[in-house]
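Peer 1: fold the following.
(2 chains)
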2 protein chains.
Amino acid sequence: MSPLTNRQVVLASRPSGIPQAEHFSIVETQVAELRERELLVRNEFLSVEPAMRGWVSAVANYSTPVGIGEVMRAFSAGTVVASRHPGYREGDAVMGMLGWQDYVVTDGSAITRKVRERDLPLSLSLGVLGLNGVTAYFGLLELGLPRAGDTVVVSTAAGAVGSAVGQIAKISGCRTVGIAGGKVKCDLAREAFGYDAAIDYKAGDIAGALREACPRGVDVYFDNTAGSISDAVLPQLALNARVVICGTASVPSWDPPPMGPRVERHLLVKRARMAGLIVFDYAHRYEEAIARLAAWVREGRLAYREDIVDGIERAPGAIAELYRGENLGKKLIRLTP
Amino acid sequence: MSPLTNRQVVLASRPSGIPQAEHFSIVETQVAELRERELLVRNEFLSVEPAMRGWVSAVANYSTPVGIGEVMRAFSAGTVVASRHPGYREGDAVMGMLGWQDYVVTDGSAITRKVRERDLPLSLSLGVLGLNGVTAYFGLLELGLPRAGDTVVVSTAAGAVGSAVGQIAKISGCRTVGIAGGKVKCDLAREAFGYDAAIDYKAGDIAGALREACPRGVDVYFDNTAGSISDAVLPQLALNARVVICGTASVPSWDPPPMGPRVERHLLVKRARMAGLIVFDYAHRYEEAIARLAAWVREGRLAYREDIVDGIERAPGAIAELYRGENLGKKLIRLTP
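Peer 2: Numbers count the residues shown, from 1 in each chain, chains lettered A, B, ... in the order given. Got it, this is the predicted structure:
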């Protein structure tokens, strides 16, 4: 077999804020021969995540930053095309930290899981049945502790994580209020993802809209944004509220840390709590989550949207597009062999 | 019996920040005749609490503000001097929301508990065996969740709550680091309350001193101050840290809410949580806490300090003195009949 050409998106320079296309370059390499206990995966979908901003940041974070010249760290999903590993065979569908590239040779350590939901599209393994769905599941259920009758407010309500949070909250018997940017996303939140109310944060007066939508206060706030949206929600927490810190999309940079209204008094007076979520801490329970999420998808209770673009050359600019809020649904790059 | 004269400290005007002596006045009234199911308490000690700032504030809080002309809400401890209530007899020691006054007639609803620890000074029922001790007990054990080996950092380490937090953390097998203002309080924290290290926040570079005192990070931060002390602690949280929001002594006013560095990223990256404590939520468990605290006092494992001044005329200025940090130990007003 003649060596395969592998296109790889590598980090070219370190961004200080949101990574732009020019911070990456695309290089071509040859795929190495498989050694014993290795397998070769051909990626079919590359994921684009808000968390990627943190993965390339030099500021202290939950993971080592991607090095300059290294393949961009990314979840990808694909098919095993050759295997000398006893745990994998040709044709297996897998997802994992396979990077922004066409091919990856691994000893298995880069693979998060075999994709067993073969009746559903492979792309879902990077979205509603992937880290996004699992993040929504554990963040809401383990840290948000929703009770039937609670009012659950979700920022980035129409996004890949937020749309799942809202629907799992509905399945849990809660009232859901979504916050999103613009009429299109608000309509999507209500119509596709079943939110009882949607608030357009670009339309001004978030606090007034929240008071109207949450007359008994906010029991659970699932926060993907921080910033001015959170500043409007925190004063409206109900007694014993739970705030899940899942992402900080609206804060362009944490170096130096930005200022905002202090939260201590709200937490004290409302006996509320804020807790940070890193989904990787729940890796030992992914299969539990994915089995339930897949069942809800099959039953038509968990809707999703995907925003799929073709070609690896779309990857470098994709994080910035995500932060500009241009996508409707989980952003993915589809590779054609 | 000729009617008794009752001196009462009433709220004269509403402060916007920390209440000063001029916000109160002292009036004399006559004690009413007891009706059936009422009892008369003669107060011996009046408590002074940081929380009083909130109790007189018009800003949304966890309790209705004290009205203008009303007796200042306060915990007091005293002795039943007459009773037509079947649950109380003359000579019973009681503590409760008895107000800043010499005498109080109540149907029992103002009484938090009978003081059963008669082998110990009655004043302790307002401090280490009162709300301060109980706040330390539930705040640390229920929200801080200390584990043996944890590093526990306490702000206002030499104060009535903080000194008990540090000692309960030591009893729980933790390493304790106290933060206090000035050498005298830092020495007290180490020598009287057993802190393994004490940091003088007035000496500058809190962050550097914390790094030295907490090389493996801060597992539990018991926060009585908010403000710049918290800003130094938050970036040094350990993984899975717990922050207990008990008070916000360093913030002069919450109207409008002051700005500070945003906390979301610290909570996210460290999977940490912040939770607010209102000790009144644990009222049904006070006896559990007080029984353990009293046992530790008797065993010499829980030290305390009191700062007792004589005369009700000292009450109006006492909250401001507390916020100036002038006291060493639980601040109390002793009344002489």
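
Peer 1: straight-line length of stretch A:195-213, end to end?
Peer 2: In stretch A:195-213, first residue to last residue: 11 Å (C-alpha to C-alpha, to the nearest Å).

Peer 1: report the buried residues of it.
Peer 2: For stretch A:195-213, a neighbour-count test (16 or more other C-beta atoms under 10 Å in any protein chain shown) marks A:Tyr195, A:Asp196, A:Ala197, A:Ala198, A:Ile199, A:Asp200, A:Tyr201, A:Ile206, A:Ala209, A:Leu210, A:Ala213 as buried. In short, each C-beta sits where N, CA and C put it, glycine included.

Peer 1: equivalent analysis for stretch A:58-78, please.
Peer 2: Buried residues in stretch A:58-78, counted by 16+ other C-beta under 10 Å: A:Asn61, A:Tyr62, A:Pro65, A:Val66, A:Val71, A:Met72, A:Arg73, A:Ala74, A:Phe75, A:Ser76, A:Ala77, A:Gly78.

Peer 1: what of stretch A:29-49?
Peer 2: A:29, A:31, A:38-49.

Peer 1: kindly indicate which of those residues lies nearest chain B.
Peer 2: Using C-beta to the nearest C-beta, A:Glu49 is the member of the buried residues of stretch A:29-49 that lies nearest chain B, at 14.1 Å.

Peer 1: nearest residue to A:Val9 in space, ignoring adjacent ones along the chain?
Peer 2: A:Trp100 (3.8 Å; C-beta to C-beta, 6 or more residues apart in numbering or on different chains).

Peer 1: can you read off the pLDDT for that neighbour?
Peer 2: Looking at A:Trp100, its pLDDT is 98.

Peer 1: how far away is it from A:Val71?
Peer 2: According to C-beta to C-beta, to the nearest Å, A:Trp100 stands 6 Å off from A:Val71.

Peer 1: now for the two: what residues contact both?
Peer 2: Between them, A:Trp100 and A:Val71 share these contacting residues under C-beta atoms under 8 Å, 6 or more residues apart in numbering or on different chains: A:Gln8, A:Val9.

Peer 1: tell me which residues touch the residue nearest to A:Val9, please.
Peer 2: Listed by C-beta under 8 Å, 6+ apart, the contact set of A:Trp100 reads A:Gln8, A:Val9, A:Leu46, A:Val71, A:Met72, A:Ala74, A:Ser76, A:Ile312, A:Ala315, A:Ile333.

Peer 1: give me phi/psi at it?
Peer 2: phi -80, psi 80 (degrees, to the nearest 10).

Peer 1: what separates it from A:Leu332, distance-wise?
Peer 2: Counting by C-beta to C-beta, the gap from A:Trp100 to A:Leu332 is 12 Å.

Peer 1: identify the contacts common to these two.
Peer 2: Common neighbours of A:Trp100 and A:Leu332 (C-beta under 8 Å, 6+ apart) are A:Leu46.

Peer 1: quick check: pLDDT value at the residue nearest to A:Ala93 when sequence neighbours are not counted.
Peer 2: Take A:Ala93 and drop its neighbours on the chain: the residue closest to it by C-beta to C-beta, 6+ apart is A:Val115, 4.0 Å away. Looking at A:Val115, its pLDDT is 97.

Peer 1: what sits against A:Val115?
Peer 2: A:Ala77, A:Ala93, A:Val94, A:Met95, A:Leu122, A:Ser125.

Peer 1: quick revisit: make a markdown table out of the buried residues of stretch A:195-213 and add distance to A:Gly178 and secondary structure.
Peer 2: Conversion of the buried residues of stretch A:195-213 to a markdown table gives the following (distance: C-beta to C-beta, whole Å; DSSP: H, G, I helix; E, B strand; the rest coil):
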| residue | distance to A:Gly178 | secondary structure |
| --- | --- | --- |
| A:Tyr195 | 4 | coil |
| A:Asp196 | 9 | coil |
| A:Ala197 | 7 | strand |
| A:Ala198 | 5 | strand |
| A:Ile199 | 7 | strand |
| A:Asp200 | 10 | strand |
| A:Tyr201 | 10 | helix |
| A:Ile206 | 12 | helix |
| A:Ala209 | 11 | helix |
| A:Leu210 | 11 | helix |
| A:Ala213 | 9 | helix |
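
Peer 1: those residues also near chain B: which ones?
Peer 2: When C-beta under 8 Å from any C-beta of the partner chain is taken as the criterion, no member of the buried residues of stretch A:195-213 contacts chain B.

Peer 1: of those residues, closest to B:Ala164?
Peer 2: The closest of the buried residues of stretch A:195-213 to B:Ala164 turns out to be A:Leu210 (C-beta to C-beta; 38.6 Å).

Peer 1: wait, the closest one sits on A:Val218?
Peer 2: Yes - A:Leu210 is within contact range of A:Val218, at 7.4 Å (criterion: C-beta atoms under 8 Å).

Peer 1: need the overlap of contacts for these two.
Peer 2: Contacts common to A:Leu210 and A:Val218, judged by C-beta under 8 Å, 6+ apart, are A:Val153, A:Val177, A:Val233, A:Gln236.

Peer 1: for A:Val41, list each beta-bridge partner.
Peer 2: Under DSSP bridges, the beta-bridge partners of A:Val41 are A:Val80, A:Val104.

Peer 1: how about the contacts made by it?
Peer 2: A:Ser76, A:Gly78, A:Thr79, A:Val80, A:Val81, A:Val94, A:Leu98, A:Tyr103, A:Val104, A:Thr106, A:Ile111.
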